[in-house]
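J.: Kindly return the folded structure for what I paste below:
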Amino acid sequence: MPRSLFAAGLAAAALVSAGGCDSQPAFGGVRGTVTYDGRPLPAGQVVFTNEAATFMGSAYLKGDGTYEARNVPAGAVLVAVKTDEFRDQIDDRTLRALQKKGVPIVAPDPAVKGTKYIPIPARYGDPASSGLRFEVKKDDVTTIDIDLKR
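T.: Take a look at the predicted model:
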């Protein structure tokens, strides 16, 4: 292969790879509080998806309804709030009774104390049907408070 052809091939490869550098997705952070009918939602997960559904970020709610998510796609995002995974969680009294009976059970993390399953309308579990759409700032933290309704 002549040197000039080889050099031209290298130059073309460099141009193609350099052209893709600007297409990297942008991310930001999000924090806020999720309420349901005006009261803090004590357990759940907030999921942020870009409009193309190619990138997402998420965070679990704390007992007071607050959350903080990193690496959320910047720009317009669709949001889902999910609580179903907390449906089978047991309360402290049941936990203690089972432990007294010798049932081998792992106590929940004390940092997550206060989690309680509250059913919310199913539409909120899907970003396409939730009706929740927000803007996330690039390389910054955006505050997004979400109030879910019945």
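J.: use CA for all of it now, contacts and neighbours both
T.: Fine.
J.: Would you mark the buried spots in stretch 53-60?
T.: Of all the residues in stretch 53-60, those buried under the rule 16 or more other CA atoms under 10 Å are 55, 56, 57, 58, 59, 60.
J.: Stretch 127-145 now?
T.: 127-128, 130, 132-138, 141-142, 144.
J.: show me the contacts for the residue positioned nearest the centre of the chain.
T.: By CA atoms, centre = their mean, the chain has its centre lying nearest to residue 58, at 1.1 Å. Residues near residue 58 by CA atoms under 8 Å, 6 or more residues apart in numbering: 45, 46, 47, 48, 69, 70, 72.
J.: hang on, residue 134 packs against residue 73?
T.: No - between residue 134 and residue 73 there is no contact under CA atoms under 8 Å: 11.0 Å.
J.: For this structure, give me the ranges with low pLDDT.
T.: 1-23, 90-91, 104-115 (pLDDT under 70).
J.: just so I have it, where are all the strands in it?
T.: Listed in chain order, the strands of the chain (DSSP state E) span residues 27-36, 39-40, 45-50, 56-60, 66-73, 75-82, 132-136, 141-143, 146-148.
J.: Turn those strands into CSV, including distance to residue 122.
T.: Converted to CSV, the strands of the chain look like this (distance: least, CA to CA, whole Å):
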stretch, distance to residue 122
strand 27-36, 13
strand 39-40, 18
strand 45-50, 14
strand 56-60, 18
strand 66-73, 20
strand 75-82, 8
strand 132-136, 13
strand 141-143, 24
strand 146-148, 11
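J.: Which among the ones you listed is found nearest to residue 95?
T.: Closest of the strands of the chain to residue 95 is strand 56-60, at 22.0 Å (criterion: CA to CA).
J.: Most neighbours out of the contacts of residue 58, which is it?
T.: Within those, most neighbours by other CA atoms under 10 Å means residue 48, with 29 neighbours.
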